[in-house]
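Student: I would like the atomic coordinates for the input below:
(chains A and B)
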There are 2 protein chains.
Amino acid sequence: MTQPIKFYFDLLSQPCRALYMFLEASKIPYEAVSISLMRGEHLSNDFKNNINRFQKVPAIKDEDFKLSESIAIFRYLVREKIVPEHWYPHKGALRARIDEYMEWQHGNMRACCTDYFRQKWLQPKLTNTEPNPEQVAQSEARLNKCLAEFEQHWLKGEKYMITSNITIADLLAICEIDQPKAVGFNPFKNYPRIADWHELTREALEPYYHEANQVIDKIEGKQKEKVLQMKN
Amino acid sequence: MTQPIKFYFDLLSQPCRALYMFLEASKIPYEAVSISLMRGEHLSNDFKNNINRFQKVPAIKDEDFKLSESIAIFRYLVREKIVPEHWYPHKGALRARIDEYMEWQHGNMRACCTDYFRQKWLQPKLTNTEPNPEQVAQSEARLNKCLAEFEQHWLKGEKYMITSNITIADLLAICEIDQPKAVGFNPFKNYPRIADWHELTREALEPYYHEANQVIDKIEGKQKEKVLQMKN
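Tutor: The predicted structure is shown next:
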């Protein structure tokens, strides 16, 4: 019998949450290995030498085969394991459109959502300082531009992003949008189609969505408390 | 009989050169449609509405199906056309390693090589100004760090990057490295393994390499003249 894969992750990271939900929803046998980004566990020599030479999460180990980069891991799992077809259809045009999103995402959703999260929360947290209002404002402007493009080009009237079924494009996109959302940005205010799609996608991912989001739900709760305290 | 695909490109762009060489080497029937980036032809409404909503090259049109993002186009061609196996082997581990490179590339080789080219040549050319020496120096430092990582992690003793045959990872990587090289940066000086691999990969891609590189060879020639004039 084959061993379950080892999955190295921190639910603070958006591609880690995407992979966690995918592994759970697809019932791929795996062993969870928690790696704390805030404690810098991904930077240890042990992790570098034995798991991922690039010192990032997510990473997997399947028997002796080590692999990093979330999208490469998705492709590997879809190919090598038994995975429901709807996540990444074999049919040419649908598959190509998902691939197109996964490339577009790098310089857009992933870049903008990560940057906002970093400016607003991660960098201040790591350096014990307050966020720089000017940099946060710049980051917010870029994020708004990106979400407008996302709504315009990727939510075109299908039930989900690409088709009437949920795909890995939806899974990756919702995890990106949840990152700025956790630290005080409202992605729904100006983007009603994003709001509808987000709700539908979240529901399709339950109960794994709730499990995967516990870490950033806590951050979101604390951010809301902070805003309320400032108002009082 | 199926129509040849339409290929929209400018050889100034590194992923366009990669796709050009791939189409030629694989003998995929295509119709070449030149789009001038310097004249802003990718920004026209016609291009936006009829070819690529994201206003970038490369893009393809296969019958009615329009697709952008170079890596998504590579995947589509490999799947839908007849392409020699060595470019992107079906075997799990090799394919996964190529996928890993194509993801790693975004935030590393692609980001650093493009940024250097932009700071050193493109931005000054478009705005008719001289390059900002401080920004070029910063960009060069990032590029050197990236090339050191490329050499360390991706040139590990196989003949080419991933295996004993040339793959799309080699093709994409050489096109990235040629970008800063064209505008005065020497990628071989501190990286002897990159020099060996570059020569081998270039040879494997001839005569298409020479054809694809005519545009940036001209830029490289002019840059060298400029340096000589400054020395005299």
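Student: ok, and what's touching the helix ranked longest in chain A?
Tutor: Longest helix in chain A by number of residues (criterion: DSSP state H): helix A:133-154. Here helix A:133-154 makes contact (Cβ atoms under 8 Å, 6 or more residues apart in numbering or on different chains) with A:101, A:108-109, A:111-113, A:115-116, A:119-120, A:161, A:169, A:173, A:177, A:180, A:185, A:187, A:190-191, A:193-194, B:53-54. C-beta: built from backbone N, CA, C; applies to glycine.
Student: what do you get for stretch A:5-13?
Tutor: With Cβ under 8 Å, 6+ apart, stretch A:5-13 has contacts from A:16-17, A:19-20, A:23, A:28-38, A:42, A:47, A:51-52, A:57-62, A:212-216.
Student: equivalent analysis for stretch A:19-30, please.
Tutor: A:4-7, A:9, A:11, A:58, A:70, A:73-74, A:77, A:81-84, A:87, A:168, A:171, A:205, A:208-209, A:211-212.
Student: now the residues you listed: which count as buried?
Tutor: For those, a burial check counting by 16 or more other Cβ atoms under 10 Å in any protein chain shown picks out A:5-7, A:9, A:11, A:58, A:70, A:73-74, A:77, A:81, A:83, A:87, A:168, A:171, A:205, A:208-209, A:212.
Student: helices - which of the residues you listed land there?
Tutor: A:70, A:73-74, A:77, A:168, A:171, A:205, A:208-209, A:212.
Student: output the set of residues of chain A in proximity to chain B.
Tutor: A:53-54, A:65, A:67-72, A:75-76, A:79-80, A:92-93, A:95-97, A:99-100, A:102-104, A:106-107, A:153 (Cβ under 8 Å from any Cβ of the partner chain).
Student: filter those residues down to the buried ones.
Tutor: A:54, A:67-72, A:75-76, A:80, A:93, A:95-97, A:99-100, A:102-104, A:106.
Student: now, the residues you listed that are in strands?
Tutor: Judged by DSSP state E, strands contain the following of these: A:67-68.
Student: pull the contacting residues for A:D99.
Tutor: A:D99 neighbours (Cβ under 8 Å, 6+ apart): B:69, B:71-72, B:75-76.
Student: how about A:T114, nearest residue that isn't a chain neighbour?
Tutor: Excluding the flanking residues, the one nearest A:T114 by Cβ to Cβ, 6 or more residues apart in numbering or on different chains is A:Q179, at 6.6 Å.
Student: any idea how far the helix or strand hosting that neighbour is from the chain center?
Tutor: Secondary-structure assignment from DSSP states H and E places A:Q179 in helix A:168-182. With Cα atoms, centre = their mean, to the nearest Å as the basis, helix A:168-182 stands 5 Å off its chain's centre.
Student: show me what it packs onto, helices and strands only.
Tutor: For helix A:168-182, the packing partners by 3 or more Cβ pairs under 8 Å, 6 or more residues apart in numbering or on different chains; DSSP states H and E come out as helix A:14-26, helix A:70-80, helix A:92-105, helix A:111-117, helix A:133-154, helix A:192-205, helix A:214-231.
Student: export those as a markdown table, with columns for mean pLDDT.
Tutor: Shown next, in a markdown table, are the helices and strands packed on helix A:168-182 (pLDDT from 0 to 100):
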| stretch | mean pLDDT |
| --- | --- |
| helix A:14-26 | 98 |
| helix A:70-80 | 97 |
| helix A:92-105 | 97 |
| helix A:111-117 | 98 |
| helix A:133-154 | 98 |
| helix A:192-205 | 98 |
| helix A:214-231 | 88 |
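Student: any chance of those helices in a markdown table, with distance to A:K125 too?
Tutor: Below are the helices and strands packed on helix A:168-182 laid out as a markdown table (distance: least, Cβ to Cβ, whole Å):
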| stretch | distance to A:K125 |
| --- | --- |
| helix A:14-26 | 17 |
| helix A:70-80 | 23 |
| helix A:92-105 | 25 |
| helix A:111-117 | 10 |
| helix A:133-154 | 14 |
| helix A:192-205 | 25 |
| helix A:214-231 | 9 |
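Student: about what we covered before: quick one: the longest helix of chain A to helix A:92-105, angle?
Tutor: Calculated by axes from the mean of the first three to the mean of the last three Cα atoms, to 10 degrees, helix A:133-154 forms an angle of 170 degrees with helix A:92-105.
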